[in-house]
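> coordinates for the following, if possible.
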Amino acid sequence: MNKEMKPIIYLDRNENQYGPAPACFDALRNIDSVELYEYSRDFSRGVKSRLSERLAKDFGIDEKNVMVGFGGEDILKQAVHCYIHKGDKIMIPAYSWWYYKKISDEVEGVKVEYPIIEGKDTFYYDIEGMIKVYETEKPKLVLISSPNNPTGNRLEIDQMMHVLEKMEDTVVVLDEAYTLFYNKDNSHLKELVNKYPNLIIIRTFSKYYGLAGIRIGFALMGENHAKFNMFSARYLGYNRVSELIGLAALNSADYYNDMREKMTADMDMLFNEFNAMKGFRAFKSFSNFILVEIPVEIKDGLKKYLTERNMIVKFMAEDGLFNHLRITIGTQEQNRLLLKMIKDFLKENK
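Numbering: from 1, shown residues only. Down below sits the predicted model:
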């Protein structure tokens, strides 16, 4: 097989294979040179940036409670570095993005895990287990991911508010990087930010908006984060070109709604197809990826087979998820090609 004839399909890092809206390319083509050689003057108007101003308007909150950063990753790291010091406890999910542990280690924080439970066809947060760990360990910061990577489960709004009530005296960082793939309703954000002053909600343009390459993230913060605001503020502003592209994405709801419908339909299709395969078990997901448990005996062979065909998916190696794939939902063509490859492998290796 000539690999040079086939492009590599990356379904391993949860990138949006549909890419950004056409308006984002228009914004890039029409950039005025002033956006490149001048610093932002937005601070002179009493706001951090054009983008934070727009986000504040969209979410109905004060602009001072909006922060812009170099991707959600940047804001997450800043929050941990701002609030956690050597010996401080930080609560993280039992199954989570490896980066949570890394940034905790950077500041010599003490990692305390709280439970995520494996159900029949989904993972779920053990709410009372979370609260028990919180009350026992008394952490300085709690990280919650909803939907969670890599398990795909989420907290419903009533569950979230119950948890926040119990943890109201502690900084809680809610990572919502994937939430828009299944939930376009943002009405809860204003209520959460206004009601819970220690809350930080982090979102990104990398996933849903297909703009991972230009690195834009933002946070919505409760009233008690003046210290964090000062810690993260940038007097000379942010990337003006990235901001214009981000604004174009926010103005392209029709494009992204159509994309969401295609992806959720394919998520359901893959969930059903994988669960029909002998020895496979797919878990419900509210993100742009699906976690699939596979027979242990085929793991190495399947990885080799897919890699040789330039199809890259994530073969998990974490404790408790060693025999699992995390598959990014790609385009409709990519998803069907992946499914065909896996079925072909199973036929050839009966």
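> can I see the domain layout of the chain?
Domains of the chain are assigned by automatic domain parsing as 3-19+253-348, 23-250.
> and those domains as a markdown table, adding mean neighbour count?
The C-beta positions use only the backbone N, C-alpha and C, and glycine is treated the same way. Formatted as a markdown table, those follow (neighbours: other CB atoms under 10 Å):
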| stretch | mean neighbour count |
| --- | --- |
| domain 3-19+253-348 | 17 |
| domain 23-250 | 18 |
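> my guess is L174 is in a strand, correct?
Yes: in this structure, L174 lies within a strand as judged by DSSP: H, G, I helix; E, B strand; the rest coil.
> which residues in the stretch 151-300 of the chain form strands?
Under the criterion DSSP state E, counting those that start in this stretch, the stretch 151-300 of the chain contains strands at 171-175, 199-204, 217-221, 281-282, 289-293.
> ok, the last one: who's next to it in the sheet?
Read that as strand 289-293. Sheet pairing for strand 289-293, assigned by DSSP bridges, gives strand 281-282 (antiparallel), strand 324-328 (antiparallel).
> same question for the first one.
Each strand that strand 171-175 pairs with, and the sense of that pairing, follows from DSSP bridges: strand 141-145 (parallel), strand 199-204 (parallel).
> show me the contacts for the residue found closest to L192 once you drop the neighbours it is linked to in the chain.
Spatial nearest neighbour of L192, chain neighbours left out: L199 (6.0 Å); criterion: CB to CB, 6 or more residues apart in numbering. Applying CB atoms under 8 Å, 6 or more residues apart in numbering, we find L199 in contact with L164, V172, L174, L192, V193, M221, G222.
> check the secondary structure at N16 for me.
N16 ends up coil, using three-state DSSP.
> that one reaches Y208, doesn't it?
Yes: between N16 and Y208 there is a contact under CB atoms under 8 Å: 6.8 Å.
> so what sits against both of those two?
N288.
> correct me if wrong: L51 contacts G69.
No: L51 sits out of contact with G69 when judged by CB under 8 Å, with a separation of 10.6 Å.
> need the overlap of contacts for these two.
In contact with both L51 and G69: I216, F218, using CB under 8 Å, 6+ apart.
> how close does N251 sit to I84?
Per CB to CB, to the nearest Å, N251 is found 37 Å from I84.
> now do G152
27 Å.
> next: E191.
Remark: distance between E191 and I84 (CB to CB) = 27 Å.
> could you do H225 as well?
According to CB to CB, H225 and I84 sit 14 Å apart.
> likewise for D185?
Separation of D185 from I84 (CB to CB): 32 Å.
> show me what the helix ranked longest in the chain is packed up against.
Counting residues, the longest helix in the chain under DSSP state H turns out to be helix 253-275. When contacts are defined as 3 or more CB pairs under 8 Å, 6 or more residues apart in numbering; DSSP states H and E, helix 253-275 packs onto strand 281-282, strand 289-293, helix 332-348.
> could you dump those to JSON lines with distance to W98 and mean pLDDT?
Putting the helices and strands packed on helix 253-275 into JSON lines (distance: least, CB to CB, whole Å; pLDDT from 0 to 100) gives the following:
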{"stretch": "strand 281-282", "distance to W98": "22", "mean pLDDT": "98"}
{"stretch": "strand 289-293", "distance to W98": "15", "mean pLDDT": "98"}
{"stretch": "helix 332-348", "distance to W98": "24", "mean pLDDT": "97"}
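> out of those, which gets nearest to R240?
strand 289-293 (31.8 Å; CB to CB).
> so the residue nearest to Y39 when sequence neighbours are not counted versus K120, what's the distance?
Residue nearest to Y39 in three dimensions, not counting chain neighbours: L236, with 4.8 Å by CB to CB, 6+ apart. Separation of L236 from K120 (CB to CB) stands at 53 Å.
> quick one: contacts for L11?
L11 neighbours (CB under 8 Å, 6+ apart): Q17, M311, I312, V313, K314, I327, T328, I329, G330, Q334, L338.
> tell me the one of these nearest V112?
Closest to V112, out of all of these and judged by CB to CB, is K314, at 26.0 Å.
> ok so the closest one is a strand residue?
Yes: judged by three-state DSSP, K314 forms part of a strand.
> check contacts around it.
By CB under 8 Å, 6+ apart, K314 lies in contact with L11, D12, R13, P150, L325, R326, I327, T328.
> change it to 10 Å
10-14, 150, 289, 291, 324-328 (CB atoms under 10 Å, 6 or more residues apart in numbering).
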